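1. My questions are about this predicted structure, shown below with the sequence.
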Amino acid sequence: GTYTLTAPIAGRVTTANIQTGNPVDGTTAPYVIDAANRYEVVGQLPERLVGAVRPGMTVVIEPDIAGRVTAVGSTIDPATRSAMLKAEIPAGPGIVAGRTTSMSLSGPAPAGAVSVPSGATAMIGDKTIVFVATGGGYAIRDVKIGGSVGGQTVLLSGVRPGEQVVVSGTSALKALALSR
């Protein structure tokens, strides 16, 4: 008999796992097609994030290629202590099928969180701080960082929405604070 296989997407055939005369079963893909305008990214999601990451959340792959999570595994691999994560991203510069890369996840920030330019944060000892403008100068605030992406850092505590933070010259203020 004759069978016709219709591709579900447009793209380039990169692997053919089917040959004339061999049986075809439903467990293997006869062809692998690289879509012309999108890719699927498969990654390892750390165990601590399983349950917090959901389909629809945003992923970012350098340089600023954003996509969305399509699936999150629920089984932890005992060797890596991670679950599988799949995301879909559009084609872009530097994106090559099969290449290893890293991705950042972003989702809605917790209530009360504040986003500041990453340059606003500094370290004093083992504490992360920002300088907040006050009526007579600047105050040091201990902050808790929730994450950083694209030059922005999410602060979970230490700064209230609407407060002004120093984004340049923090090293000079830090030196002044340490000299006191």
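-> Alright, I've got the coordinates.

2. Show the pLDDT at residue 93.
-> At residue 93, the model reports a pLDDT of 72.

3. how much space between it and residue 67?
-> Going from residue 93 to residue 67 by CB to CB, to the nearest Å gives 15 Å. Quick note: C-beta positions are derived from backbone N, CA and C, even for glycine.

4. Name the residue in the two with the higher neighbour count.
-> More crowded of residue 93 and residue 67, by other CB atoms under 10 Å: residue 67, with 19 against 7.

5. Can you classify the more buried one as helix, strand or coil?
-> Three-state assignment for residue 67 (DSSP: H, G, I helix; E, B strand; the rest coil): strand.

6. now what about the helix or strand of the chain with the lowest mean pLDDT, what contacts it?
-> Using mean pLDDT, DSSP states H and E, strand 31-35 stands out as the lowest-scoring helix or strand of the chain, at a mean of 74. For strand 31-35, contacts defined as CB atoms under 8 Å, 6 or more residues apart in numbering pick out 5, 7, 9-18, 91, 97.

7. Centroid-nearest residue for the chain?
-> In the chain, the residue lying closest to the centroid (CA atoms, centre = their mean) is residue 104, at 1.4 Å.

8. ok, it - contacts?
-> Counting by CB under 8 Å, 6+ apart, residue 104 has contacts 59-61, 147, 149.

9. Surely it is within a strand?
-> Yes: assessed by three-state DSSP, residue 104 belongs to a strand.

10. Tell me where the model's unsure across this protein.
-> 1, 25-27, 35-36 (pLDDT under 70).

11. the inter-axis angle of the helix or strand harbouring residue 13 versus strand 31-35?
-> Secondary structure from DSSP states H and E places residue 13 in strand 11-16. Between strand 11-16 and strand 31-35, the angle comes out at 150 degrees (axes from the mean of the first three to the mean of the last three CA atoms, to 10 degrees).

12. Which of the residues in strand 11-16 are classified as buried?
-> Within strand 11-16, no residue counts as buried by 16 or more other CB atoms under 10 Å.

13. quick one: which of the contacts of strand 31-35 is nearest residue 169?
-> Nearest to residue 169 among the contacts of strand 31-35 is residue 91, at 40.7 Å by CB to CB.

14. Next, the closest one: phi, psi?
-> Backbone torsions of residue 91, given as degrees, to the nearest 10, read phi -60, psi 150.
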